[in-house]
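In: Provide a 3D model corresponding to the input given below.
(one chain, ligands or ions: 2)
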Amino acid sequence: MMLDTLQRGFDAAQTWLFETVVQPVIYQMGWMAHLEDAYSATEWFLLGAAQVVILFLLLRPLEARFPAERWADRGGTGVDVIYTLLHRLGLFPLAAFVILTPLFDQAAQGLRALDFTPFALDAVWPGVTDIPLVSFLLYLVVLDLLDYWLHRGQHGLRWWWALHALHHSQRKMSFWTDDRNHLLDDVIVDLVKAAVALAIGVEPGQFVALVIAARVLQSLQHANLAWSFGPLGRVFVSPLFHRRHHAIGFGHEGSRAGCNFAVLLPVWDVLFKTADYRPAVEPTGIRDQLPGPAGSGRDYGDGFWSQQWLGLKRLARAEIP
Ligand SMILES: [Zn+2]
Ligand SMILES: [Zn+2]
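Out: Residues are numbered from 1 along each chain as shown. Ligands and ions are numbered 1, 2, ... in the order given. Below you'll find the predicted structure:
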């Protein structure tokens, strides 16, 4: 009953936004061929907005009540809000998917002409893997394994770390920090993920659901909460587990260039020997941000544009392996 009401409210909001804002712009610009895409984009935008509001209402009071770290003020956390809005209201991963879809369709058509059937992971065991829930979970696990290795690359490759360091430069980590990334880093990661998703047969609608499911948990992981999730922390990445990935001296150091790289499922860290379940809460950031002699007092920028610019400068100086 309540879900019905919510659904109706959501549909009404989508129709209203589409008819009063999106459609007039589309007609004005002469983009009528993209009317259907624009309608889906409106839905994506509203889902993102609903997600941000819910996360804020849930996590902001929890951070105030049970902080992992006590800060004198929240100065410096505001820039992360910009990143979050840009991502959750923006069309980043969807754009990658939309751009790649026609390319893959063409490739698939070419293969069919040669009597090849395009690959779909959920078709490997008919009657089982094509059950919607099973197929959803299957793709979730496979894409999460991909995320783990992309994240290892972000720490292990010098040029990639030059960009990813921006994510780690937040010394007051909160639930807004998840999307704090270099835009170029986002483009690379999203294109690779979308390409792999298409190659293993993920449908566009399914992709949106997968991204949304992952994002909610990722915001929670960055929250300023020392929660381990108890036994469930062995199944899902908890705020405490991910906080150690951001800890100075642990998250980006050692023989494997860090620990706790998993995005949703910590089993990858256990399997590949990068898990660190120690519960102590350590300061977050990057060692070279510290004043000497521990670090060099490196500046990663306070505002959005300075962070982006400094990231490009680091990239230009990093050796390409
Ligand atoms: Zn990282
Ligand atoms: Zn993080």
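In: I'd assumed Phe250 was in contact with His168.
Out: No. Using C-beta atoms under 8 Å, His168 makes no contact with Phe250, being 11.4 Å away. Every residue, glycine included, has its C-beta placed from N, CA and C.
In: which residues of the stretch 151-300 of the chain score low on pLDDT?
Out: For the stretch 151-300 of the chain, applying pLDDT under 70 flags the ranges 204.
In: related to what we said a few turns ago, which one of His168 and Phe250 has more residues nearby?
Out: Taking other C-beta atoms under 10 Å, His168 and Phe250 do not tie; His168 has more neighbours (25 against 18).
In: so who does the more buried one touch?
Out: His246, Gly251, His252, Thr284, Gly285, Ile286 (C-beta atoms under 8 Å, 6 or more residues apart in numbering).
In: could you measure from it over to Leu86?
Out: 19 Å (C-beta to C-beta, to the nearest Å).
In: and for Ala280?
Out: 33 Å.
In: and the two? Which one has more around it.
Out: Leu86 (15 against 10).
In: in whichever strand or helix holds that one, what's buried?
Out: Secondary structure assignment for Leu86, by DSSP states H and E: helix 78-88. For helix 78-88, the neighbour count (16 or more other C-beta atoms under 10 Å) marks Val79, Asp80, Val81, Tyr83, Thr84, His87, Arg88 as buried.
In: let me know the closest of these to Leu59.
Out: Leu59 lies nearest to Thr84 out of the buried residues of helix 78-88, by C-beta to C-beta, at 11.4 Å.
In: and that closest one, how close does it get to Pro279?
Out: Taken as C-beta to C-beta, the span from Thr84 to Pro279 is 27 Å.
In: now Ser306
Out: For Ser306 relative to Pro279 (C-beta to C-beta), the value is 35 Å.
In: any idea where the helices of the stretch 101-250 of the chain begin and end?
Out: 132-156, 158-168, 183-199, 204-222, 239-245 (DSSP state H, counting those that start in this stretch).
In: state the distance from the residue nearest the centre of the chain to His151.
Out: Geometric centre of the chain, nearest residue: Arg215, 5.7 Å, by C-alpha atoms, centre = their mean. From Arg215 across to His151, the span is 15 Å (C-beta to C-beta).
In: same thing with Leu137?
Out: From Leu137 to His151 the distance is 21 Å (C-beta to C-beta).
In: who has more neighbours, the two?
Out: Taking other C-beta under 10 Å, Leu137 and His151 do not tie; His151 has more neighbours (22 against 13).
In: residue contacts, the nearest residue to that one once chain neighbours are set aside?
Out: Among residues not flanking His151 along the chain, Phe261 sits closest, at 4.2 Å (C-beta to C-beta, 6 or more residues apart in numbering). Residues near Phe261 by C-beta under 8 Å, 6+ apart: Tyr148, His151, Arg152, His155, His245, Trp268, Asp269, Thr274.
In: try it again with 10 Å
Out: Neighbouring residues of Phe261 by C-beta atoms under 10 Å, 6 or more residues apart in numbering: 147-156, 237, 242, 245, 251, 268-269, 272, 274-275.
In: out of those residues, which are buried?
Out: 147-148, 150-156, 237, 242, 245, 251, 268-269, 274-275.
In: the stretch 201-321 of the chain: strands as residue ranges?
Out: Under the criterion DSSP state E, counting those that start in this stretch, the stretch 201-321 of the chain contains no strands.
In: what comes up buried for stretch 306-321?
Out: Per 16+ other C-beta under 10 Å, stretch 306-321 contains these buried residues: Gln307, Gln308, Leu310, Gly311, Arg314, Leu315, Ala318.
In: output the below-cut-off pLDDT ranges for the stretch 1-150 of the chain.
Out: 1, 91-101, 103-104, 107-108, 111-112, 115-118.
In: which residues in it form strands?
Out: Going by DSSP E, counting those that start in this stretch, the stretch 1-150 of the chain shows no strands.
In: if we can go back for a sec, which residues do His168 and Phe250 both contact?
Out: With C-beta under 10 Å, 6+ apart, His168 and Phe250 have common neighbours Gly258.
In: what sits against Leu290?
Out: Leu290 touches Arg171, Ile248, Gly249, Pro283, Ser296, Gly297, Arg298, counting by C-beta under 10 Å, 6+ apart.
In: adding neighbour count and distance to Ile26, write the residues you listed out as TSV.
Out: Supplementary listing: these in TSV, determined by neighbours: other C-beta atoms under 10 Å; distance: C-beta to C-beta, whole Å:
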residue	neighbour count	distance to Ile26
Arg171	18	43
Ile248	20	49
Gly249	14	52
Pro283	13	49
Ser296	12	51
Gly297	10	50
Arg298	14	46
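In: any chance of the residues you listed in TSV, plus distance to Gly30?
Out: Output for the contacts of Leu290, formatted as TSV (distance: C-beta to C-beta, whole Å):
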residue	distance to Gly30
Arg171	48
Ile248	53
Gly249	56
Pro283	54
Ser296	54
Gly297	53
Arg298	48
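In: closest to Val53 out of the residues you listed?
Out: Arg171 (26.7 Å).
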